[in-house]
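In: here you go, sequence then predicted model.
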Amino acid sequence: EPEVTQTPSHQVTQMGQEVILRCVPISNHLYFYWYRQILGQKVEFLVSFYNNEISEKSEIFDDQFSVERPDGSNFTLKIRSTKLEDSAMYFCASRGGYDEKLFFGSGTQLSVL
Amino acid sequence: GENVEQHPSTLSVQEGDSAVIKCTYSDSASNYFPWYKQELGKRPQLIIDIRSNVGEKKDQRIAVTLNKTAKHFSLHITETQPEDSAVYFCAASKGGSYIPTFGRGTSLIVHP
């Protein structure tokens, strides 16, 4: 069964540094998402991406965040200047154009020190 | 925006018992309600979903019910097994973007 893959699985960074989280969505999917989950809390929506542009974003997704689909397979989330409160598990998800089901990747645990 | 409330936050049952997790949503336009199971340190996995034109859906030991009038939906797990232990998230979304808004999760513990 095809899966969404994310790299790295763990990322440790210093406050103020830039990080890029990488995702390879399921190959024939058209809609891409980033969510985050702070330890012990619910999964929170960050941004959705369709047809090479952001379709929706939440209040969390401020100017420090950006997304990109640099080629036909990768989907990246960049945090320009990380803060302590950015520490969380970041999940990528994708959806085909034919139904509502989101499939999640295994996540990147980001720790900002 | 949509707000999804989920109860209880923790549910402890004996193996073989039934477990019920309840959620309410606020946006009457929501029409798709997935449930995700998340084992410790792993990705959320879709286990069952229901659309607003259906009142109940069953898949082996799990079932979901939806009451559109009251804006609540529930997950029912029968004959629970230790491997059902996980955090379960309900979510609600609507047509167009289908961006699910998640509840806070229920930690289900099944004691052997």
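Out: Structure received. From a predicted model like this one, the values you see are computed outputs, not experimental measurements. Residues are numbered from 1 along each chain as shown, chains lettered A, B, ... in the order given.
In: need the contact list for B:Thr78.
Out: B:18, B:61-63 (CB atoms under 8 Å, 6 or more residues apart in numbering or on different chains). (Glycine included, C-beta is placed from N, CA and C.)
In: buried among the residues you listed? Make that a ChimeraX selection.
Out: The following ChimeraX line selects those of the contacts of B:Thr78 that are buried, judged by 16 or more other CB atoms under 10 Å in any protein chain shown:
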select /B:62,63
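In: nearest to chain A among the contacts of B:Thr78?
Out: Chain A lies nearest to B:Ile62 out of these, by CB to the nearest CB, at 16.0 Å.
In: measure the closest one to A:Phe61 for me?
Out: 33 Å (CB to CB, to the nearest Å).
In: surely B:Asp17 touches B:Thr80?
Out: Yes: between B:Asp17 and B:Thr80 there is a contact under CB atoms under 8 Å: 5.7 Å.
In: pick out whichever of those two has more residues nearby.
Out: Neighbours per residue, other CB atoms under 10 Å in any protein chain shown: of B:Asp17 and B:Thr80, the larger number sits with B:Thr80, 21 against 13.
In: local confidence estimate at the nearest residue to that one once chain neighbours are set aside?
Out: Distances taken as CB to CB, 6 or more residues apart in numbering or on different chains place B:Val110 nearest to B:Thr80, at 4.6 Å, with adjacent residues excluded. pLDDT, B:Val110: 97.
In: then A:Gln41?
Out: 86.
In: is it in contact with B:Arg104, as I believe?
Out: Yes: contact criterion CB under 8 Å: A:Gln41 and B:Arg104 qualify, at 7.2 Å.
In: between these two, which is the more surrounded one?
Out: A direct count of neighbours by other CB under 10 Å for A:Gln41 and B:Arg104 places B:Arg104 higher, at 17 against 13.
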